[in-house]
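Novice: pasting a predicted model and its sequence here:
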Amino acid sequence: MDDHLHLLNSNNTVNNNIANSGIGANAHNHLLSLGHAPGPALTPEGTMTVVSCDGAPEEPNSNAVDRYEPEHECCERVVINISGLRFETQLKTLAQFPETLLGDPRKRTAYFDPLRNEYFFDRNRPSFDAILYYYQSGGRVRRPVNVPIDVFTEEIRFYELGEEAMEKFREDEGFIKEEERALPAGEFQRQVWLLFEYPESSGPARGIAIVSVLVILVSIVIFCLETLPEFRDDDSDVTRDRVGTTPLHMLNHYPNEMHGHGNLTGGLPPILSGTPFSDPFFVVETLCIVWFSFELLVRFFACPSKATFSKNIMNIIDIVAIIPYFITLGTELAERQQGNGGGQQAMSLAILRVIRLVRVFRIFKLSRHSKGLQILGQTLKASMRELGLLIFFLFIGVILFSSAVYFAEADDPDSGFNSIPDAFWWAVVTMTTVGYGDMHPVTIGGKIVGSLCAIAGVLTIALPVPVIVSNFNYFYHRETEGEEQAQYLHVASCQPIPPSPELRPARSTSSISRSEYVAMEEALQAKHNCVNKIFTDV
């Protein structure tokens with residue numbers, strides 16, 4: 001019996017040492033109330049012990065080191081403090097995702113406050129509702145409406161919910177999963193492909209993109225300037241006289257030079273004299289085509305998939321922008337070799353006019369380097385149904401009101417509506433609220449029809465337009481927010497970086513250190529072993 005009393009006295013001595021070691025009595029009593037376990041405790045060797053519901057601590061062993069045993073978490077609860085707002089849940093709820101910050105006992109121990117018996121996180125409060133719901137629902141990610149996307153993304157990264165949760169969140173928010181860029185196998189081809197296809201990949205790639213944009217702009221400017229009367233190439237004029245390729249209006253300006261000569265010679269302005277190869281517009285156009293052809297061929301031979309490259313709409317636009325030059329050049333050379341036949345020349349000129357018109361499509365080459373044009377294209381593609389409805393409504397309105405205004409104006413001799421097809425133009429202009437005024441009703445009935453046509457046009461156009469605007473806003477915000485999220489995807493693909501000590505919340509002076517906490521747990525464990533031994537001997 002003396003031995004038993006000696007053990008009790010030694011146990012009291014341990015308690016007194018703990019109380020006198022600078023550790024608050026409240027912390028000591030709090031740890032003794034094992035009905036509400038303080039969470040994972042660290043032993044001097046760095047292992048963890050698990051406190052079960054009945055308050056009896058277990059000896060650290062291999063199972064306790066590796067994981068929590070599920071039977072110890074059946075009724076054990078944990079308190080999580082988020083910037084002063086406390087949440088309470090069961091450990092088994094957090095243990096569903098052991099790879100996360102809250103689900104891994106080792107990771108969350110760094111944020112445990114033994115004095116308050118809770119885990120403290122100085123993080124965004126509204127976001128934690130969704131974080132806790134992620135554990136309770138088994139993996140569903142739902143962003144609160146009052147939390148911005150970038151803030152919630154940071155919280156997902158902090159609590160280490162994983163890449164799968166991040167992908168679910170991005171999918172729910174409407175972000176399209178970024179497709180992996182297919183790159184060529186060869187190193188040289190890969191560098192060339194990145195250089196010409198992805199301007200953001202490097203500085204030289206950005207420089208090539210700037211050069212390409214400048215060449216496109218020069219080509220468009222030349223296309224517009226050569227139609228000015230001062231620079232117009234009238235070889236395409238179908239009204240010609242019998243003197244070579246000289247246009248009629250040039251005879252009025254240079255009558256003396258034309259008498260007795262089959263062709264116009266030194267009296268012409270330099271830009272209109274000689275062969276087309278001496279035309280400065282032709283020279284600049286040739287230089288632009290050389291750059292376009294070089295860029296297209298280099299990208300074709302460096303692309304990872306020739307079939308995919310050929311089906312890309314942007315590459316098709318590049319080809320369409322280049323072909324008219326070679327067709328025009330071939331037609332011009334063929335005419336000079338075979339002579340100038342009247343009917344054949346008129347046909348070739350008609351073909352050349354159509355082909356030259358195709359050159360205007362070069363402006364779409366800018367969409368390769370313009371996010372705005374790409375967003376516009378995506379908006380039109382997503383709004384095809386609404387655009388179809390708009391055209392259908394306009395078609396019905398044009399037929400209805402053109403017929404009504406024709407019959408309303410039929411008895412007036414001064415009316416300009418000679419037939420229903422003639423009234424189509426008036427109906428379109430009126431429904432779109434343009435109103436050129438070249439055709440207008442003069443009778444009372446016609447004016448009433450015109451008023452109804454204008455009102456119907458406003459309503460017809462106003463109905464589908466908000467949907468198209470909504471689609472544009474969606475793609476625009478997705479693009480801008482996608483650029484902000486690109487850095488998060490890049491970080492997620494790298495190894496996780498532990499938080500720096502400077503960014504961790506500083507512990508309050510009332511909290512105990514880790515070594516003191518380990519000493520307390522060791523003393524309590526020794527005490528319970530002694531008490532258990534006494535009761536066993538008795």
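Specialist: Arrived safely.
Novice: the nearest residue to Tyr135 once chain neighbours are set aside: which element?
Specialist: Closest residue in space to Tyr135, ignoring its immediate chain neighbours: Thr93 at 5.1 Å, by Cβ to Cβ, 6 or more residues apart in numbering. The C-beta positions use only the backbone N, C-alpha and C, and glycine is treated the same way. Per DSSP states H and E, Thr93 falls inside helix 91-94.
Novice: quick one: Arg368 and Met166, what's the gap?
Specialist: Distance, Arg368 to Met166, using Cβ to Cβ, to the nearest Å: 30 Å.
Novice: hmm, I was thinking of Gly330
Specialist: Gly330 is 56 Å from Met166, by Cβ to Cβ.
Novice: quick one: which of the two has more around it?
Specialist: Legend: neighbour count by other Cβ atoms under 10 Å for Gly330 and Met166, higher for Met166 (18 against 10).
Novice: so that one makes contact with Glu154?
Specialist: No - assessed by Cβ atoms under 8 Å, Met166 is found out of contact with Glu154, at 11.2 Å.
Novice: next one: phi and psi at the closest residue to Phe87 other than its chain neighbours?
Specialist: With sequence-adjacent residues excluded and distances taken as Cβ to Cβ, 6+ apart, Phe87 is closest to Ile80, at 4.7 Å. Main-chain torsions, Ile80, degrees, to the nearest 10: phi -120, psi 120.
Novice: ditto for the one 4 residues further on
Specialist: Comment: the main-chain dihedrals of Gly84 come out as phi 100, psi -10, following degrees, to the nearest 10.
Novice: gap between it and Glu118?
Specialist: 11 Å.
Novice: looking at these two, which one has more neighbours?
Specialist: Set Gly84 next to Glu118 and count neighbours by other Cβ under 10 Å: Glu118 wins out with 19 against 8.
Novice: just checking, that one touches Asn81?
Specialist: Yes - counting by Cβ under 8 Å, Asn81 is a contact partner of Glu118 at 4.9 Å.
Novice: just the element for Leu161, please.
Specialist: Per DSSP H and E: nothing holds Leu161, as it lies in no helix or strand.
Novice: who touches it in this structure?
Specialist: 97, 100, 131, 134, 141 (Cβ atoms under 8 Å, 6 or more residues apart in numbering).
Novice: quick one: which of those residues has the lowest pLDDT value?
Specialist: Going through the contacts of Leu161 one by one, the lowest pLDDT turns up at Val141, 89.
Novice: check whether that residue sits in a helix, strand or coil.
Specialist: Recorded secondary structure, Val141: coil (DSSP: H, G, I helix; E, B strand; the rest coil).
Novice: burial measure for it, as a count.
Specialist: 22.
Novice: quick check: it touching Glu167?
Specialist: No - taking contacts as Cβ under 8 Å, Val141 lies outside contact range of Glu167: 9.3 Å.
Novice: surely Lys365 is in a strand?
Specialist: No - assigned with three-state DSSP, Lys365 falls outside any strand and is helix.
Novice: burial measure for the closest residue to it other than its chain neighbours, as a count.
Specialist: Counting by Cβ to Cβ, 6+ apart, Ile216 is the residue found nearest to Lys365 once chain neighbours are left out, at 5.0 Å. As a burial measure, Ile216 scores 21 neighbours (other Cβ under 10 Å).
Novice: so which strand or helix has Ile216?
Specialist: Counting by DSSP H and E, Ile216 is part of helix 203-225.
Novice: got the contact list for the closest residue to Tyr198 other than its chain neighbours?
Specialist: Of all residues not flanking Tyr198 in the chain, Ala205 sits nearest, at 6.2 Å (Cβ to Cβ, 6+ apart). Taking Cβ under 8 Å, 6+ apart, we find Ala205 in contact with 194-196, 198-199.
Novice: closest one of those residues to Glu76?
Specialist: Tyr198 (52.7 Å; Cβ to Cβ).
Novice: mind pulling up the pLDDT for the closest one?
Specialist: Confidence score, pLDDT, at Tyr198: 83.
Novice: do the same with the one 5 residues further on
Specialist: Gly203 is assigned a predicted lDDT (pLDDT) of 88.
Novice: rewinding a little: measure the residue nearest to Tyr198 to Leu225 for me?
Specialist: 31 Å.
Novice: cool, Asn471 as well?
Specialist: If you go by Cβ to Cβ, the gap between Asn471 and Leu225 works out to 37 Å.
Novice: neighbour count winner among the two?
Specialist: More crowded of Asn471 and Leu225, by other Cβ under 10 Å: Asn471, with 18 against 13.
Novice: helix/strand/coil for that one?
Specialist: Asn471 ends up helix, using three-state DSSP.
Novice: tell me who's in contact with it.
Specialist: 379, 382-383, 386.
Novice: emit the PyMOL select command for whichever of the residues you listed are buried.
Specialist: Command for PyMOL that selects the buried part of the contacts of Asn471, burial taken from 16 or more other Cβ atoms under 10 Å:
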select buried, resi 379+382+383+386
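Novice: can I get the contacts of Asn471 in TSV with distance to Val458?
Specialist: As requested, the contacts of Asn471 are exported to TSV (distance: Cβ to Cβ, whole Å):
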residue	distance to Val458
Thr379	22
Ala382	25
Ser383	20
Glu386	17
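Novice: from the contacts of Asn471, which land in helices?
Specialist: Counting by DSSP state H, the contacts of Asn471 place 379, 382, 386 in helices.
Novice: hang on, the second one packs against Phe475?
Specialist: Just to be clear, that refers to Ala382. Yes - with contact defined as Cβ under 8 Å, Ala382 reaches Phe475; the gap is 7.3 Å.
Novice: which element, helix or strand, includes the spatially closest residue to Ser219 that is not a sequence neighbour?
Specialist: Distances taken as Cβ to Cβ, 6+ apart place Cys288 nearest to Ser219, at 4.2 Å, with adjacent residues excluded. Applying DSSP H and E as the criterion places Cys288 in helix 280-302.
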